[in-house]
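Colleague: Need coordinates for the following:
(one chain, ligands or ions: 2)
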Amino acid sequence: MALNFKCAYLTLLIIATATAVDKNNFKTCDQSSFCRRLRATKDGDNSYVLNLDTLHVSDNAVEAELKNVEADASFKFILTSLSGSIFRVFIDEVKPLHPRYQVQGALNGEPQVAKLEVLERTKEKVTVRSGDNKAVITASPIKIEFYKNDVLVAVVNEKGLFSMEHLRTKTPEGEGDADQQLKEDPGAWEENFKSHHDSKPRGPEAIGVDVTFPGALRIYGLPEHADRLALRSTGPGGLDPYRLYNLDVFEYEMDSTMAVYGAVPVVYAHSDKNTVGVFWHNAAETWVDIGNSKDTNVVSSIVNLVSGHKPENTVDAHFMSESGVFDLFVLMGPTPKDAVKQYASLTGVAPLPQYFTLGYHQCRWNYNDEDDVINVVDNFDSNDLPVDVMWLDIEYTDGKKYFTWDPIKFAHPNAMITNLTSTGRKLVVIIDPHIKRESGYFLHEDCLANDYYVKNKDGNVYEGWCWPGSSSYPDLLDPKVQDYYKALYSLDKFKGTTSDVNIWNDMNEPSVFNGPEITMPKDCLHHGGWEHRHIHNIYALLYTQITYEGLLKRSSDRRPFILTRGHFAGSQRFAAVWTGDNAAEWSHLQASLPMCLSEAVGGISFCGADIGGFFNNPDQELLQRWYQTGVWLPFYRAHAHIDTRRREPYLFNEDVRTRIRNALRLRYTLLSLWYTLFREHETTGEPVIRPLFYQYPNDPNVVDIDNEVLVGSSILARPVTESGVSSVNVYLPGGPDEFWYDIEDFKQYQGTGVTNIPVTLDKNPAFYRGGSIVPRKDRPRRASTLTHHDPYTLYVALDSNKSASGTLYVDDGESYNYRNKKYLYLHFEFKDNTLTSSLIDKTDFPTDAWIERVVILGPPAKITKAKITSKSLGSVGLETSYDGEGRSLTVRKPGVNIREPFTLKLL
Ligand SMILES: *[C@@H]1O[C@H](CO)[C@@H](O)[C@H](O)[C@H]1NC(C)=O
Ligand SMILES: *[C@@H]1O[C@H](CO)[C@@H](O)[C@H](O)[C@H]1NC(C)=O
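Modeller: Numbers count the residues shown, from 1 in each chain. Ligands and ions are numbered 1, 2, ... in the order given. The predicted structure follows:
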């Protein structure tokens, strides 16, 4: 959560009483000296030249000296070929005055290199090839063209905006002749923002470059922003660049390029022919200007060159970071699926979560005491509302001291947790990074005694202001601090917890109420002599990595569940994310889809938004729609600010309760699908939810659609996120041969584009894709943990060839036994009126779950019965029946355990 009214700070009161974001608290590009400087770079005024006489070629890379001829600064340039169709461009100073920061923790290990060969070499150019990828490096000024199958897809430094400010000593006033531009920039050596001073001990050290994507129609990525999925054009005089700087933005606004809590510097440029990605591996504050020729009608010369005369659309991105080395990955595609997988091969995937994490989570700031927690669950039960997880926000602690419990309101945490878990539920408690500076508090004492805190610019412990009042912050770069923190989660340290307690890391941008832009000053100092400026965007990543490893240490055979607000590239390996402190407004409900879709292509599939909206009170229509919409996002949690009215679903009248119950039940029927998708994400890197362009890359009509979400490839949802509507337009993709079936009434549609679907408050359009088989558990239960042996219904949605296929993944839902072959991974296939089930992997997992029904959508006519054949059943006749309109055919009680391969024939 963000700031609230209870803070004593005067400035906070001013912020807190505003009804919308106070933009004055946050910089624009113009107010940031390095952004201003880099943005002022003019097309073509590039003075960086590669000396190809120094070219060194190895099996995987080419290296050469790069010179800034104007400043007489020398750099090392390396282009490496990586396995899986990726190029890496790395540039660092040859002899920097100080080392430049290289990001830790975002990459999932060192990337594997691939073979590269030099095709051609002159004084001006080198051409290298790796598989069907080619890179042409031009020396003066430096430029790199990337070709996929001989088609030009990306150009680094096409516009000549490359810049790498070499580290230098400050020229005393009135002396020397340092870089003119820097001398003119008053913020190059120190900078003020509001009442905050940034001392910039190392002076200017910014880096920037442009990347142009010839032929691209749209560019996506750069989560997190409260904006559309397709990035919009920015530029001087227009929108500010997309900013990546993890910030606690109170009441963030919609349709904005402002930074919020997370920063994932990856983009994908996409057309109906090609997709190519760029990962800008940098942890410092970063701004990205986006250009799209459709918005400017300026078609770059290069495009004409490539395509003959036909003007093609083109997009470009100008990356600008405050510091660090130059480390850029080009993901060569050629499809969105390829590019997203290439990104996952670098930064990793989300490990399979526990099954319960996909159920419904009930949160509020705050549940008042132990009785409140248990009563809420009782009320869910007595109203037949499923829920898996109760959450405790900051008030459970003893005076905002993490790893402690309020001695009065939460005096018996073990008993409360036992009560909860005896009904199959779990608990999540919040642990934030700020540490209350109170003598006697063990965490503070330990951190002081062992020198674990981040320092201010003068080398003293940094003090900021956060929930507990005066606070300090652990220096997460220090390995000793990491080890110390991991141990804090052990059951004997964090008393009152059990293995069923999971962790919520909030405020980890980090949020500092009285800091510049509500975060830590950039000249604060970390282990290794790094300034906070160098590492800001990975602070949250490190924090969640430590929590993850701490929970693993605590309970080595439970998959940790962590929710984080701050995040960076690679955060998916440790935590789920949510979209932070949204508001009870329709626009925020709408934004939850593009925000999570953007995270999903940014590698972070496990994403959700606070159901109901965090700030303010939703009206009943909005609340119901939010529950219905949340069904289709991977993380499904309601949360509310302390000043809002209680809004647990059982508090509403029977109509509202019923609609919310139906939404929750729908979610629970589909948990096996979500779980299977998370397992497939872990093994393939494919996102769990997908935007239309990902699944239908050749359809240019879907490039702007971000109010629809695909769950895997088998369900398309178009949630109603507008008030008072009686119909919505749904774009159904795939062409006339692609069929879509309404998941409620099984009405069949063709994928011929925009289709108007009537809606009521009960209806939220969603469709099975013809050709998919979706396993569901249709028996309502109180919690997912109680469903493991429940029977399945297979929904077989036939395509225009009367075929379909699907998968189902099953394991114990909590341990790592699945890494020891204790799981089932099934393949279902329907063709020639026959459904077969087979094991994909030779594994086993004991379960009582059986198949109680097969429902065939778009069924063949005149079926009168069916026959199932399996090892244990032999051959058994089964009853079938059509629904009234013949849209579906149900085969009753196949009765086979899902472990067993079978054949089911329609007769
Ligand atoms: C746990 O449940 C028992 C039995 O229902 C009850 O007496 C006790 O007060 C509960 N304790 C807590 C902390 O919820
Ligand atoms: C139906 O089968 C034909 C021939 O195998 C194939 O080209 C087509 O893509 C299939 N249609 C669908 C919807 O899968």
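
Colleague: Residue 503 pairs with what?
Modeller: Note on residue 503: beta-bridge partners by DSSP bridges are residue 429, residue 562.

Colleague: Distance check, it against ligand 2.
Modeller: The gap separating residue 503 from ligand 2 is 44 Å, by CB to the nearest ligand atom, to the nearest Å. Using the backbone N, CA and C atoms, a C-beta is placed for each residue, glycine as well.

Colleague: Does that residue touch residue 551 like I think?
Modeller: Yes - between residue 503 and residue 551 there is a contact at 6.5 Å, judged by CB atoms under 8 Å.

Colleague: Tell me where the longest strand sits in the chain.
Modeller: Determined from DSSP state E, the single longest strand within the chain is strand 727-742.

Colleague: List the strands paired with that strand, with their directions.
Modeller: strand 748-758 (antiparallel), strand 766-769 (antiparallel).

Colleague: low-scoring stretches of the chain, by residue?
Modeller: Where the chain drops to pLDDT under 70, the residues are 1-19, 173-183, 297-310.

Colleague: How about the residues of it by ligand 1?
Modeller: Residues of the chain lying close to ligand 1 (CB under 6 Å from any ligand atom) are 370, 374, 412, 415, 416, 419.

Colleague: can you pick the most crowded of these?
Modeller: residue 416 (23 neighbours; other CB atoms under 10 Å).

Colleague: quick one: contacts for it?
Modeller: 370, 373, 374, 410, 427 (CB atoms under 8 Å, 6 or more residues apart in numbering).

Colleague: do that again at 7 Å, thanks
Modeller: If you count contacts by CB atoms under 7 Å, 6 or more residues apart in numbering, residue 416 has them with 370, 373, 374.

Colleague: Pull up the gap between it and residue 405, please.
Modeller: Distance, residue 416 to residue 405, by CB to CB, to the nearest Å: 10 Å.

Colleague: The residues of the chain next to ligand 1 also near ligand 2: which ones?
Modeller: Among those, no residue sits close to ligand 2 (CB under 6 Å from any ligand atom).

Colleague: what about residue 553, how many neighbours?
Modeller: 15.

Colleague: swap in residue 766?
Modeller: For residue 766, the neighbour count with other CB under 10 Å is 24.

Colleague: And for residue 524?
Modeller: When counting by other CB under 10 Å, one arrives at 24 neighbours for residue 524.

Colleague: out of everything not next to it in sequence, what's closest to it?
Modeller: residue 532 (4.1 Å; CB to CB, 6 or more residues apart in numbering).

Colleague: quick check, the strand or helix carrying residue 775 touching ligand 2?
Modeller: Element membership for residue 775 (DSSP states H and E) is strand 772-776. No - Strand 772-776 does not reach ligand 2 (CB under 6 Å from any ligand atom); its nearest approach is 10.9 Å.

Colleague: For the stretch 301-450 of the chain, which segments count as helices?
Modeller: Counting by DSSP state H, counting those that start in this stretch, one finds helices in the stretch 301-450 of the chain at the ranges 301-307, 336-347, 370-382, 413-422, 442-450.

Colleague: List the buried residues in the last one.
Modeller: With burial defined by 16 or more other CB atoms under 10 Å, the residues of helix 442-450 counted as buried are 443, 444, 447, 448.

Colleague: Out of those residues, which is nearest to ligand 1?
Modeller: Nearest to ligand 1, judged by CB to the nearest ligand atom, of these is residue 443 at 25.1 Å.

Colleague: Next up, the contacts around that closest one.
Modeller: Each residue near residue 443 by CB under 7 Å, 6+ apart is listed here: 401, 402, 403, 435.

Colleague: Angles on the backbone of the third one, please.
Modeller: Spelled out, that is residue 403. phi 70, psi 20 (degrees, to the nearest 10).

Colleague: ok, residue 476 - how many residues close by?
Modeller: Counted with other CB under 10 Å, the burial measure for residue 476 works out to 26 neighbours.

Colleague: Can you tell me, leaving aside adjacent residues, what's nearest to it?
Modeller: Leaving aside its sequence neighbours, residue 476 sits nearest to residue 542 (CB to CB, 6+ apart; 4.0 Å).

Colleague: Kindly confirm my reading that that neighbour forms part of a strand.
Modeller: No - under DSSP: H, G, I helix; E, B strand; the rest coil, residue 542 falls outside any strand and is assigned helix.

Colleague: That one reaches residue 105, doesn't it?
Modeller: Yes - checked against CB atoms under 7 Å, the pair residue 542 and residue 105 is within contact range at 6.0 Å.

Colleague: And those two? Which one has more around it.
Modeller: Comparing residue 542 with residue 105 by other CB under 10 Å, the one with more neighbours is residue 542, at 25 against 21.

Colleague: Any figure for the gap between residue 665 and residue 659?
Modeller: Going from residue 665 to residue 659 by CB to CB gives 11 Å.

Colleague: Looking at those two, which has the bigger crowd around it?
Modeller: For residue 665 versus residue 659, neighbours defined as other CB under 10 Å are more numerous around residue 659 (24 against 18).
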